[in-house]
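K.L.:
coords please:
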Amino acid sequence: LLPGCELTASTKSYTFRVDEEDDSDHILALSVVCLSDGAKDECNVVEVIGRNHENQEIAVPVANLKLSCQPLLSLDNFKLQPPVTFRLAAGSGPVHLSGWHRIMNREDASFEEDDDLSEEDEEELPSIMPAKK
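P.N.:
Numbering: from 1, shown residues only. Presented below is the predicted three-dimensional model:
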């Protein structure tokens, strides 16, 4: 996705994939969706198509842009797991999408919880007192 992709009337979708044999964890984050130069004053709906926890394909609208009232939307690094498809569901664009892609090796991301804490290590929390009226 870096430096970005553009959805138009002729290129209505863009799919971000990773190599299926890659055993790293991939995070794709969508930062900004905005209308590009030449956009008409019409509703441009951008959908994200991915898979849910049951591996069924789902499409979720993430932006509805219109030149006269909302030409840009910040998605605050909306995190997605590849593969993911961005589709211009309505409008003719052009709509520019930008974000970032991070790769984490699974060996590096091992943060196992320490389950062998003894009772002596546990700290007693003070009880919460009701507020005085």
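
K.L.:
tell me where the chain has helices.
P.N.:
Applying DSSP state H to the chain gives no helices.

K.L.:
so which residues of it form strands?
P.N.:
Taking DSSP state E, the strands of the chain run over residues 5-7, 13-16, 25-35, 44-51, 57-65, 72-80, 84-90, 95-104.

K.L.:
okay if I get the ones you listed as CSV plus mean neighbour count?
P.N.:
Quick note: C-beta positions are derived from backbone N, CA and C, even for glycine. Below are those laid out as CSV (neighbours: other CB atoms under 10 Å):
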stretch, mean neighbour count
strand 5-7, 19
strand 13-16, 15
strand 25-35, 19
strand 44-51, 18
strand 57-65, 14
strand 72-80, 14
strand 84-90, 18
strand 95-104, 16
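
K.L.:
any chance of those in TSV, plus mean pLDDT?
P.N.:
Below are those laid out as TSV (pLDDT from 0 to 100):
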stretch	mean pLDDT
strand 5-7	92
strand 13-16	90
strand 25-35	89
strand 44-51	93
strand 57-65	94
strand 72-80	90
strand 84-90	94
strand 95-104	87
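
K.L.:
okay, now Ser92: neighbour count?
P.N.:
16 (other CB atoms under 10 Å).

K.L.:
quick one: it and Ser10 touch, right?
P.N.:
No - in this structure, Ser92 is not within contact of Ser10 by CB atoms under 8 Å, at 9.0 Å.

K.L.:
nearest residue to Ile103 in space, please, no chain neighbours.
P.N.:
Nearest residue to Ile103 in three dimensions, chain neighbours excluded: Ser24, at 4.9 Å (CB to CB, 6 or more residues apart in numbering).

K.L.:
that neighbour: neighbouring residues, count only.
P.N.:
For Ser24, the number of neighbouring residues by other CB under 10 Å comes to 14.

K.L.:
and it, how close does it get to Val84?
P.N.:
16 Å (CB to CB, to the nearest Å).

K.L.:
ok, now Asp37?
P.N.:
Per CB to CB, Asp37 is found 26 Å from Val84.

K.L.:
now do Glu47
P.N.:
Distance from Glu47 to Val84, by CB to CB: 11 Å.
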